[in-house]
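K.L.:
Model the following, please.
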Amino acid sequence: MISSAAPAKAEKSSNFFLGFLFLPAEKREALSAVYAYCRLIDDIVDAGDRTKEQARAELDFWRAEIESLFRGEPTHPVAARLAPAVKRFSLPKEEFLQMIRGCSMDLEGAAFETYADLESYMRGVACSVGRLCVRIFGCERTPRERIEEFADLFGFAFQLTNIIRDVGADLELGRVYLPAAEMRQAGYSREALLRREHSPAFDRLMEGLYKRASVSYQRARNAVDFRDRPALLPAEVMAHIYEALLERIKRNGFRVLFGPRERVPGWRKAGLAGRAWLYCHGF
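P.N.:
So this is what the prediction gives:
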């Protein structure tokens with residue numbers, strides 16, 4: 001089992017970290033605890049140091065541990081760290097379990113026939129995190145269902161950006177997140193993907209996913225009452241960074257089948273954080 005200290009260190013190198021800086025201490029600690037949990041669950045599946053049987057057993061442990069947490073009896077340090085946040089911000093149990101469900105799909109090598117199938121996966125690994133985060137951020141003007149829509153849409157947008165960026169890296173892990181129906185519609189195939197063929201059909205496939213992500217970013221913003229934007233600044237910092245990454249990938253011709261993954265330079269992230277602040281405060 002991963003120690004509670006490991007996610008805290010990784011946190012500082014993530015795109016979440018800049019968003020953390022804009023939070024008061026209580027919310028920053030709550031979000032950090034949620035990050036630690038999500039990182040731990042993800043690492044059970046992705047760290048590569050466990051057999052499938054071991055990973056399944058650890059995920060089962062965490063399903064039971066979440067039940068213990070919500071009974072007020074956590075046994076693991078990461079769960080104990082979550083306890084104050086769960087109580088203070090009324091964090092829903094379902095979202096912690098959704099994260100486990102999504103990561104277990106990676107463990108079992110899930111394939112995605114349609115975009116709806118991929119959305120189900122993203123609901124687990126991305127939207128669940130967003131729904132927890134917006135509870136911590138706090139929004140007084142936007143109805144709950146609209147805030148959850150905001151969290152889901154940003155979750156879809158972030159995860160689609162990751163999927164586009166990581167096509168080649170995911171192939172190394174034997175994973176394909178591109179829906180088969182979307183590939184057929186673009187005139188591309190799984191066989192061509194495995195051969196890492198960059199063709200006009202591949203560009204059409206990537207362009208389709210790019211448009212889905214772009215629309216999700218905009219629809220998320222439209223779901224929120226503008227008076228709640230300052231509270232959602234950490235989410236907007238991430239969104240500005242991820243949108244910049246998405247546009248960078250597009251400008252470079254979706255060259256994601258080979259080579260290092262695209263990244264947004266640190267100096268650029270700082271500038272984007274400033275732009276997010278201006279947007280959220282009406283400038």
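K.L.:
which SSE is the nearest residue to residue 98 once chain neighbours are set aside in?
P.N.:
Spatial nearest neighbour of residue 98, excluding adjacent residues (C-beta to C-beta, 6 or more residues apart in numbering): residue 128 at 3.8 Å. Backbone N, C-alpha and C define where each C-beta goes, glycine included. Using DSSP states H and E, residue 128 sits within helix 128-137.
K.L.:
Spit out the contact partners of residue 102.
P.N.:
121, 122, 123, 124, 125, 126, 128 (C-beta atoms under 8 Å, 6 or more residues apart in numbering).
K.L.:
tell me the contacts of residue 107?
P.N.:
Counting by C-beta under 8 Å, 6+ apart, residue 107 has contacts 45, 52, 55, 56, 59.
K.L.:
And those residues, which of them are buried?
P.N.:
45, 55, 56, 59 (16 or more other C-beta atoms under 10 Å).
K.L.:
ok, so of those, who is nearest residue 160?
P.N.:
residue 45 (19.6 Å; C-beta to C-beta).
K.L.:
Now that that closest one has come up, it's in contact with residue 106, right?
P.N.:
Yes - between residue 45 and residue 106 there is a contact at 5.0 Å, judged by C-beta atoms under 8 Å.
K.L.:
Give the buried residues for stretch 78-96.
P.N.:
78, 79, 81, 82, 85, 86, 89, 91, 95, 96.
K.L.:
Using a markdown table, lay out these together with secondary structure, pLDDT and distance to residue 102.
P.N.:
Formatted as a markdown table, those follow (DSSP: H, G, I helix; E, B strand; the rest coil; pLDDT from 0 to 100; distance: C-beta to C-beta, whole Å):
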| residue | secondary structure | pLDDT | distance to residue 102 |
| --- | --- | --- | --- |
| 78 | helix | 97 | 18 |
| 79 | helix | 98 | 18 |
| 81 | helix | 97 | 21 |
| 82 | helix | 98 | 18 |
| 85 | helix | 97 | 20 |
| 86 | helix | 98 | 20 |
| 89 | helix | 97 | 21 |
| 91 | coil | 98 | 17 |
| 95 | helix | 98 | 11 |
| 96 | helix | 98 | 11 |
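K.L.:
Okay, and the residue lying closest to residue 196 once chain neighbours are set aside sits in which element?
P.N.:
Leaving aside its chain neighbours, residue 196 sits nearest to residue 257 (4.4 Å; criterion: C-beta to C-beta, 6+ apart). Secondary structure from DSSP H and E places residue 257 outside every helix and strand.
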